[in-house]
Each structure stands twice: as C-alpha cells, then as structure tokens.
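In: Mind looking at a prediction? Sequence and model below.
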Amino acid sequence: MGHKIDKEGFSSEEIAEFKSRLNEETKLLHTVAKNGGFSNNIKQIGFELELTLLNHDRQPHNTNLEFVNAFNKPFLVTEVHESTIEINSDPFQLKNKVFHQGEQHLHKLVSQVRKFANKQKSDIISIGIFPTEDIDNYTESHMTNEARYHMMEKCLRKYRLYKPAKININKTDSLTIDIDSIACIGLLTAFQIHCRIGLSESARFYNASLIASAPLLACAGNSPYLFGKSL
C-alpha cells in the first residue's frame, strides 16, 4: 500500500512537484481508461484484519512497532495507534469457495501472530471498540512512532486550523469529547474486504457495497461501549 517516508515534512517545492505529478498521472489514468487499457478479466479479493495488542492485564499494549519488527513477516504491519496492528491476507480469485479459503488463510495468519504474542506474554484481540479504553491513551504521545503518521498529524492539524476534532454521539448514552490527535483512529479496529475488479464493473460493485454496508454493520457490530458509555 505504498512506501514508507523517512521525514516528517516536505518543502513547498516538493509539495508543488507532487501536485504536478499527481495531475499528470490523473490525466494519464483518464486516457488509459478512455482507451480501454484496463483489463476486465481479473477478479480478486483480499482481506485486512486490524487487531489490538493486549498486555498481561488484558489492556492495550502500546508496543506495536517493536512487535511488528520482531515478528518480521510482510503480512503484519503497524497501524496509527501504538497498540494496533494489521494483518493483510494473500489475494484470492473471486470464485468458488473464496470466502472459505480466505477464512482458513486468515485463521492461519492470526494463529501465527497470537503464538508469537503469547511467547512475549501478551495477546491479541479482534474487536471493533475495546470497551475499557482510557481516553488518555489516545493522545499524540501514543501514536505509532513512524514518519508517515507524524506527517499525517501535522497536515491534519494544519487543515483543522489547529483546533481539536469533536466527537458527538447521542444514543443510549451521550458522548461528547474533543480529540487532538490521529491516535484516536486506534479506538476502532475493523475487518475489511478489498476487491480487484474490471473498470467496467466498478460502478455496479461500488453501488452494491453501499447497499450491503448497512445490514453488514448491523450484523457485525459487536462493541457498543466506549469510555464507559453505551452507544
């Protein structure tokens, strides 16, 4: 999903060059699409599973960078918050028993990660919102220490005019808090499905995914508690 960067900021000249190249590549993309240059014969699917690392007290364990580096396998990467990690599956052809194949494959990868975690006297959990989270654990100091995340933090703060983002949820209970860091992304972990399809089918697949999203979320939601509130 791209390359890591080695610095936390870019000069105005570098930003201008990036914008220029992005415009050129967007025009090229449009030309290739218009001329039928994209294959419609490949249909693949892949899976992404985000997990929370746990310490011996079953609380978030803020050691994802050290954990991923020690595990040292390409399918496991860090996420924004220092307690979250991400497993990326192999791609599968979108046919026959693809979901069964993907499930078995993910079980195998998760088992490898869990065994490694257990050797370090820690564990992993797959859950949307960890119910006993402490808001103080989601400040900038708990963001994964990688240049790309620091860069994202700086850019988003600039575009917010250095004002905090506000979360306002009113359900069974009410929750209103100000958050000043992208580390808050770690409050949510998810299972995601990625599809590779032909351009001619992209609108139909996109619309189908929107239609399916509501019932899927209703069925899969398993963690309605955040900061002691029932949401």
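Out: Looks like it came in fine.
In: Mind jotting down where the strands sit in this structure?
Out: In the chain, the segments counted as strands under DSSP state E are 44-54, 76-78, 84-88, 92-93, 123-125, 165-170, 174-179, 191-196, 225-226, 229-230.
In: burial measure for residue 38, as a count.
Out: 13 (other C-beta atoms under 10 Å). (C-beta placed from N, C-alpha, C; glycine too.)
In: From residue 213, how far off is the closest residue to it other than its chain neighbours?
Out: Leaving aside its chain neighbours, residue 38 sits nearest to residue 199 (4.4 Å; criterion: C-beta to C-beta, 6 or more residues apart in numbering). The spacing between residue 199 and residue 213, counted by C-beta to C-beta, to the nearest Å, is 22 Å.
In: Name the residue in these two with the higher neighbour count.
Out: Ranked by neighbour count (other C-beta under 10 Å), residue 199 and residue 213 place residue 199 first, with 13 against 10.
In: Just give me the neighbour total for the residue lying closest to residue 171 once chain neighbours are set aside.
Out: Of all residues not flanking residue 171 in the chain, residue 231 sits nearest, at 4.7 Å (C-beta to C-beta, 6+ apart). Residue 231: 16 surrounding residues under other C-beta under 10 Å.
In: As a quick check, tell me the outermost residue of this protein.
Out: Computed with C-alpha atoms, centre = their mean, the residue of the chain farthest from its C-alpha average is residue 35, at 33.4 Å.
In: Distance check, it against residue 199.
Out: Distance, residue 35 to residue 199, using C-beta to C-beta: 11 Å.
In: Appreciated, that's everything.
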